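Peer 1: Sequence and predicted model, in that order:
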Amino acid sequence: MAQVHARGRTARRRRVGGPARALLAMLLTALVVGGAVPYVSGAGRAYLSYLVLAEGEDAAGAARAGAESRAAGGQVVQEYPQIGAVLVYATGSFADRVRARPGIAAAGATRTAPVVAPPRAVVGTGDFSTGAGTATATGARAGAAGRGAGRSGDGLRPGGDRADSGTVTVPDPAEAGAWNLAMVGGAGVRAGGAPAVSGGAVPAADALRRVLVAVLDSGVDDTHPDLRAAVDPKASASCADGRPDARTGAWRPDPGVVESGHGTHVAGIVGATRDGRGVTGVAPGVRIAAVRLLGPLGQYYVENIVCGLLWAADHGARAINNSYFADPWKYNCPEDRDQAALIAAVGRAAGYARRAGAVVVASAGNDGQDLGAGRTDERSPNDRVSGPAPVRHLGTECVRLPGELPGVVTVTAVNRDGHPAGYSNYGRGRVSLAAPGGDPDGGPQGAIVSDWPDGRFAALAGTSMAAAHVTGAVAVVAALHPELGADGLAGALAGTAAPGCPAGAFGCGDRQYFGAGLVVLPH
């Protein structure tokens, strides 16, 4: 993932000259960044990926969407029977053809940069229901010419000693100085920072062990000492090409992708083991389903998100953490037929997860924008092959996925002093809770220290980190009250949120910054 500053991310771009150079650059980039490329074969036509949604939101609908997609000239590579949708690769004017077919509710391209062929079959992957090995098609590497590999994770890097293209690494903190856990009332934390706002109670480890939360991100390093006992391999998978791959280690970060440690950092905040070393999570002892969404060139395409939400729901997650935004459009607008289909697809998947009992938690974003007002987008589409992005002037109908969908718990970030972080998005009626996100310019003492791949630790700041605190808090509530459904869990957190936010312009009386308030672990 590319560098991110306090207003979001900056993507590395490569200018190309003409279709032939674009195709060559695409192949070379994919080979260098992603290793073997199983989809490269045949004549090298220009394929886009599409999500096709049937009117029926069930298995029969998915079968209908698949049949109509094939009739329109597409190749179906994954069905989503839970929501009546399919993932299709096609050329030419496929979208117009399939939209005209009977029983189709919506269809939209999930990317703007083509690939040379649909993904090929790879034996030994998983299915949605069990994670058991099957001989289904998966494992594609989808590359694009000169794509920016733009960072979608909502984490920011303080300055300092750098590793992995700019991420701050710090010595083992030995579970000390965790101001962020003290702020939310974490129990048993040797915190050297701000006092806890509430004496929250973390349940016994066996109660938390019965709770599964999913981290949908860049992958999680389950060999990290803090996370070895937390990550549940039976509930973990890769959805990096929109299809579940439960082969051993598929959920781990791809070392060829810049800053793929983001998910490990998020997972540590959620549930790192309390053992006197490293860091402690908000919910130490919880089981984590590591679900890798990040593809080999740094994109969180909507099919990856849909796959991840469905996988997590079908494996019993009580909370699903989403610390990213959907590529290639920072904001998706319903008046665009492609983007409308993407909104509908993620909306169906998030709704399915909530009905299955999972709280869908999402970061609000790091652009410092009012989500309840008109805004600009100067980076979309972020998978374009050349040239600058057009400046889009957007209204409030355009939404950030998945954070602005109905029923999603959207989290803003506060600094160590409890004030809203300057980078955090906000918006009255658009955000749910606030949580510690830290200051990217405050050094390790002002950022959030958590786990990083290869047994290391890193200091990051952002709404990614804030969302992870809320996901951990959901796990605590679920352990204390296993009878609650998704709405009950979210409501319990809103009810215990601290109204005692800082006085002045950013007080909790103005809900556009804090939603229901600062998250606090329940008693």
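Peer 2: On my side now, so go ahead. Numbering: from 1, shown residues only.

Peer 1: right, and residue 168 touches residue 458 too?
Peer 2: Yes - with contact defined as Cβ atoms under 8 Å, residue 168 reaches residue 458; the gap is 5.7 Å. For glycine as for every other residue, the C-beta is placed from the backbone atoms N, C-alpha and C.

Peer 1: Have a look at the two and say which one is more surrounded.
Peer 2: Using other Cβ atoms under 10 Å, the more surrounded residue of residue 168 and residue 458 is residue 458, with 27 against 23.

Peer 1: how far away is the residue nearest to the more buried one when sequence neighbours are not counted from residue 445?
Peer 2: Of all residues not flanking residue 458 in the chain, residue 452 sits nearest, at 3.9 Å (Cβ to Cβ, 6 or more residues apart in numbering). Counting by Cβ to Cβ, to the nearest Å, the separation of residue 452 from residue 445 is 17 Å.

Peer 1: Using CSV, list the CA coordinates for stretch 241-252.
Peer 2: Taking Å, rounded to 0.1, in the frame of the first residue of the first chain, the C-alpha atoms of stretch 241-252 are listed here in CSV:
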residue,chain,number,x,y,z
ASP,A,241,-9.7,-12.4,-5.5
GLY,A,242,-13.3,-12.5,-4.3
ARG,A,243,-13.3,-16.3,-3.7
PRO,A,244,-12.7,-18.0,-0.4
ASP,A,245,-9.3,-19.7,-0.1
ALA,A,246,-8.9,-21.6,3.2
ARG,A,247,-5.6,-23.3,2.5
THR,A,248,-3.2,-23.0,5.4
GLY,A,249,-1.7,-19.6,5.6
ALA,A,250,-3.8,-18.0,2.8
TRP,A,251,-4.9,-15.5,5.4
ARG,A,252,-1.4,-14.2,6.1
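
Peer 1: Which one's more surrounded, residue 452 and residue 445?
Peer 2: residue 452 (26 against 16).

Peer 1: helices and strands around the helix or strand where residue 412 lies, which ones?
Peer 2: Here residue 412 sits within strand 409-414, counting by DSSP states H and E. Using 3 or more Cβ pairs under 8 Å, 6 or more residues apart in numbering; DSSP states H and E as the contact test, the elements touching strand 409-414 are strand 359-363, strand 433-436, helix 463-480.

Peer 1: if you compare the ones you listed, which one is most tucked away?
Peer 2: Neighbour counts (mean count of other Cβ atoms under 10 Å) averaged over each of those peak at strand 359-363, with a mean of 32.

Peer 1: Quickly run through the sheet partners of the helix or strand just after that strand, with directions.
Peer 2: Moving toward the C-terminus from strand 359-363, the next helix or strand (DSSP H and E) is strand 375-377. Neighbouring strands of strand 375-377 in its sheet, by DSSP bridges, are strand 392-394 (antiparallel).

Peer 1: who's in contact with the partner strand?
Peer 2: With Cβ atoms under 8 Å, 6 or more residues apart in numbering as the test, strand 392-394 has contacts from 331, 333, 374-378, 380.

Peer 1: Could you rank those residues by neighbour count and give me the top one?
Peer 2: residue 331 (24 neighbours).

Peer 1: Angles on the backbone of the residue nearest to that residue when sequence neighbours are not counted, please.
Peer 2: Once flanking residues are discounted, residue 331 sits nearest to residue 398: 4.2 Å by Cβ to Cβ, 6+ apart. Here is the backbone geometry of residue 398 (degrees, to the nearest 10): phi -80, psi 130.

Peer 1: Do a quick rundown of the helices in the protein.
Peer 2: Along the chain, the stretches classed as helices by DSSP state H are 19-34, 59-71, 94-99, 179-183, 205-209, 262-271, 302-314, 337-355, 443-446, 463-480, 486-496, 511-514.

Peer 1: Among those, which one carries the weakest average confidence?
Peer 2: Confidence, taken as mean pLDDT, is least for helix 19-34 of the helices of the chain (a mean of 38).

Peer 1: hang on, the earlier thing: for the helices and strands packed on strand 409-414, which one sits closest to residue 499?
Peer 2: Among the helices and strands packed on strand 409-414, strand 433-436 comes nearest to residue 499, with 11.1 Å by Cβ to Cβ.

Peer 1: what packs against the closest one?
Peer 2: helix 179-183, strand 409-414, helix 463-480, helix 511-514.

Peer 1: The same query, at a cut-off of 7 Å, please.
Peer 2: strand 409-414, helix 463-480 (3 or more Cβ pairs under 7 Å, 6 or more residues apart in numbering; DSSP states H and E).
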